[in-house]
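**Student:** sequence unknown, structure follows:
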């Protein structure tokens, strides 16, 4: 059964003023107050996703990767296992501390505590930028240009995310909590009606939208989900979140 647990954690801290629309960045800070719980319930990413990342971008042990918003290291561990040099940034101090514990066995990873917008890059440039379920926390008026600036010419940006799916006959958990989601995190009317798993798995048109710097909506293409932009190559990859796990 698909579980809305992560979203309800964010809702819990704003129930004293339910009619006020929270700042999305304030909601993001909630996770830092419960890093162990976040680490336990946050879904990870399949190995096949990172195999695709390697196939598309050519990432290898000579590559440098910047991960934006690493959380407690769900994607960081998989990136580190590729052998590349990984610099992971995370704004939550407690989240970052737990991420360091989780990836302590890897010598090719450094976790820095900062928002992407305020991060001191110290002149460093990277072959790829990866954001796993985190790019929506970044201020778009700063983030897109900053991503361009910290990448080497010809570099890649990979936005990884989960598609919540449902299966026939499952309880409509998301439909039953859609009113709460709209109250505390408005602007996502499709929340209560996630797509069927078979529709996501069988589509040949990609799934989901990503807003590009020009304000247009980019739809991932078939295969690896490549989106071409004029100044740089951008890679948008998605994985399916099987909600009953």
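**Tutor:** It's in. Just so it is clear, the structure is predicted and the values come from calculations on it, not from any experiment.
**Student:** going forward, measure contacts between C-alpha atoms and count neighbours the same way
**Tutor:** Will do.
**Student:** need the strands for the chain, in chain order.
**Tutor:** 64-68, 85-90, 109-113, 126-132, 151-164, 210-211, 217-218, 226-228, 233-241 (DSSP state E).
**Student:** what about the spatially most central residue of the chain, distance to residue 163?
**Tutor:** In the chain, the residue lying closest to the centroid (Cα atoms, centre = their mean) is residue 133, at 1.3 Å. From residue 133 across to residue 163, the span is 10 Å (Cα to Cα, to the nearest Å).
**Student:** identify the contacts common to those two.
**Tutor:** Common neighbours of residue 133 and residue 163 (criterion: Cα atoms under 8 Å, 6 or more residues apart in numbering): none identified.
**Student:** residue contacts, residue 143?
**Tutor:** Residue 143 makes contacts with 116-117, as judged by Cα under 8 Å, 6+ apart.
**Student:** re earlier: the residue nearest to the centre of the chain and residue 162 touch, don't they?
**Tutor:** Yes - under the criterion of Cα atoms under 8 Å, residue 133 makes contact with residue 162 at 7.1 Å.
**Student:** identify the bridge partners of residue 110.
**Tutor:** For residue 110, the beta-bridge partners are residue 87 (DSSP bridges).
**Student:** pLDDT score for it?
**Tutor:** At residue 110, the model reports a pLDDT of 98.
**Student:** wait, it sits on residue 86?
**Tutor:** Yes - counting by Cα under 8 Å, residue 110 touches residue 86, with 6.4 Å between them.
**Student:** how near is residue 59 to residue 172?
**Tutor:** 40 Å.
**Student:** looking at those two, which one has more neighbours?
**Tutor:** Each of residue 59 and residue 172 has its neighbours counted (other Cα atoms under 10 Å); residue 59 has more, 21 against 16.
**Student:** quick check: that one touching residue 53?
**Tutor:** Yes - using Cα under 8 Å, residue 59 makes contact with residue 53 at a distance of 7.3 Å.
**Student:** tally of neighbours for residue 69?
**Tutor:** 28.
**Student:** ok, now which ones touch it?
**Tutor:** By Cα under 8 Å, 6+ apart, the neighbours of residue 69 are 88-91, 115-116, 131-132, 134-135.
**Student:** ok, so of these, who is nearest residue 184?
**Tutor:** residue 134 (18.7 Å; Cα to Cα).
**Student:** what number of residues lie near that closest one?
**Tutor:** 18.
**Student:** again, but for residue 118
**Tutor:** Using other Cα under 10 Å, residue 118 has 9 neighbouring residues.
**Student:** residue 98 versus that one, what's the distance?
**Tutor:** Distance of residue 118 to residue 98, given as Cα to Cα: 21 Å.
**Student:** again, but for residue 160
**Tutor:** 21 Å.
**Student:** show me the shaky parts of the protein.
**Tutor:** Along the chain, the model assigns pLDDT under 70 to residues 1-28, 171, 204-245.
**Student:** more neighbours, residue 160 and residue 98?
**Tutor:** residue 160 (21 against 17).
**Student:** setting the sequence-adjacent residues aside, check what's closest to the more buried one.
**Tutor:** Spatial nearest neighbour of residue 160, chain neighbours left out: residue 132 (4.5 Å); criterion: Cα to Cα, 6 or more residues apart in numbering.
**Student:** measure stretch 118-129 end to end?
**Tutor:** With Cα to Cα as the measure, the first residue of stretch 118-129 is 16 Å from its last.
**Student:** hmm, who's touching that stretch?
**Tutor:** Applying Cα under 8 Å, 6+ apart, the contact partners of stretch 118-129 are 57, 59, 63-68, 89, 147, 149-152, 154-158.
**Student:** can you say which of the residues you listed are buried?
**Tutor:** Neighbour counting by 16 or more other Cα atoms under 10 Å classes 57, 59, 63-68, 89, 147, 150-151, 155-158 among the contacts of stretch 118-129 as buried.
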